[in-house]
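**Student:** Sequence and predicted structure, then a few things I'm wondering about:
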Amino acid sequence: MTTGLQLALLAGAMVGLGLVLLTARLMPAEPDLADALRRLTPTRAPRAETSGSAAAGKERIGVWAIRALPPGVWVRTPTRELALLRVPLARFYGDKIVFAFLGLLIPPLLAAFLEFLDLGLPATIPAFASLGLAVVMFFLPNYNAIDEAKKARLEFTRALGAYIELVALERNNGSGVRQAMEAAAEIGDSWVFQRLKEELTRSRWSGLPPWEALHTLADELGLPELDDFADIMRLSGEEGASVYANLRARSAAMRTAMLNDELTQANAIGERMTIPGSLLGVIFMALLVAPSLLRMFSNT
């Protein structure tokens, strides 16, 4: 027969396993080279698409939430981040509702499990825990969107540097402004080049200058580097200025800035790695000194 002690041990093992999995998820892992190369040159939008039925279900929940709940409930919506990731607003709101609902359910289920083990808690603890966890998980999609958009912007900046170099070469070969921008966008197959190609094609059919389309895209997605590139191309298109040197200089400046950022991050990681070693050294010295101090104080 299963005793209360065995159930308690099983519950402790499950909680311990959950903590280990959570710690493993949060700890930085060794990168896989093939996966890193695939992420550096993706062929679609940076955010992985969810399954069709799950995405449709979340969008239906989001549509209902938009109609039924007041706008102030959402507090802040990362509009630019969602536009960069191409996540529909309804799906984002559906994610928030689903996460909040899970936050409401987890503490009562855990309390019921503890009650089954005769380790019941006061009713107020699961109630407050449900509300607190629901609020935290309600804002979790915001954090996910901002984090993924940050990575996507970095990837966009890297690809934009290559795109600017290609445009400079096209202009140096005598191509027109629009022709150079469209020909350069046709060369790459990553999601960044696809996005640029879509905007340039849309501007052609709408009759807008290509730099105006890129200005709009830069404002929509929060990409200042793209806005600077559009300014350079506007000078070339409206005033006929030679921009080859400006484009090459802008591309070199972007690469230098990215390299400096990566070096700063590497130095910060290196400094953090020295902290455990320093703590171990302090503990070792304390272990060496502790016996002498104890004997000195005992003799006095």
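**Tutor:** Perfect, I can see it now.
**Student:** can we go C-alpha only for contacts and neighbour counts from here?
**Tutor:** OK.
**Student:** So which helix or strand of the protein has the lowest pLDDT on average?
**Tutor:** helix 33-40 (a mean of 48; mean pLDDT, DSSP states H and E).
**Student:** Show me what the very next helix or strand once past that helix is packed up against.
**Tutor:** Toward the C-terminal end, the helix or strand that comes next after helix 33-40 (DSSP states H and E) is helix 52-68. Secondary-structure packing of helix 52-68 (3 or more CA pairs under 8 Å, 6 or more residues apart in numbering; DSSP states H and E): helix 89-116.
**Student:** buried residues in the helix it packs on?
**Tutor:** Neighbour-count burial for helix 89-116, counted by 16 or more other CA atoms under 10 Å, picks out 89-105, 107-108, 111, 114.
**Student:** Outline the domain layout of the chain.
**Tutor:** According to the TED database, the chain comprises the domains 154-242, 243-295.
**Student:** Check those for me: which has the lowest mean pLDDT.
**Tutor:** Per-segment mean pLDDT for these reaches its minimum on domain 243-295, at a mean of 78.
**Student:** so which helix or strand takes in residue 281?
**Tutor:** helix 244-299.
**Student:** about what we covered before: so which of the domains of the chain is nearest residue 147?
**Tutor:** Distance to residue 147, taken as CA to CA, is lowest for domain 154-242 among these, at 11.1 Å.
**Student:** Could you check the helix or strand where residue 184 lies and say which residues are buried?
**Tutor:** Secondary structure assignment for residue 184, by DSSP H and E: helix 177-187. Of the residues in helix 177-187, 177-178, 180-185 count as buried by neighbour count, 16+ other CA under 10 Å.
**Student:** Residues in contact with that helix: which ones?
**Tutor:** Contact with helix 177-187 is made by 163, 166-168, 170-171, 193-194, 196-197, 200, 210, 233, 236-237, as judged by CA atoms under 8 Å, 6 or more residues apart in numbering.
**Student:** ok, of the residues you listed, which come out buried?
**Tutor:** Applying 16+ other CA under 10 Å to the contacts of helix 177-187 flags 163, 166-168, 170-171, 193-194, 196-197, 200, 210, 233, 236-237 as buried.
**Student:** still on that earlier bit, now distance to residue 252 too, for the buried residues of helix 177-187, in CSV please.
**Tutor:** Output for these, formatted as CSV (distance: CA to CA, whole Å):
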residue, distance to residue 252
177, 21
178, 22
180, 19
181, 18
182, 21
183, 21
184, 17
185, 19
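**Student:** which among those residues gets closest to residue 243?
**Tutor:** Relative to residue 243, the closest of the buried residues of helix 177-187 is residue 177; by CA to CA it sits at 10.1 Å.
**Student:** do you know how far the closest one is from residue 238?
**Tutor:** 10 Å (CA to CA, to the nearest Å).
**Student:** Same check on residue 69?
**Tutor:** 48 Å.
**Student:** Residue 172 now?
**Tutor:** Counting by CA to CA, the separation of residue 172 from residue 238 is 17 Å.
**Student:** neighbour count winner among these two?
**Tutor:** residue 172 (15 against 10; other CA atoms under 10 Å).
**Student:** Contacts only, for that one.
**Tutor:** Neighbour list for residue 172: residue 244 [criterion: CA under 8 Å, 6+ apart].
**Student:** Show the contacting residues for the residue nearest to residue 252 when sequence neighbours are not counted.
**Tutor:** Once flanking residues are discounted, residue 252 sits nearest to residue 161: 7.9 Å by CA to CA, 6 or more residues apart in numbering. Counting by CA under 8 Å, 6+ apart, residue 161 touches 251-252, 254-255.
**Student:** top of these by neighbour count?
**Tutor:** residue 251 (23 neighbours).
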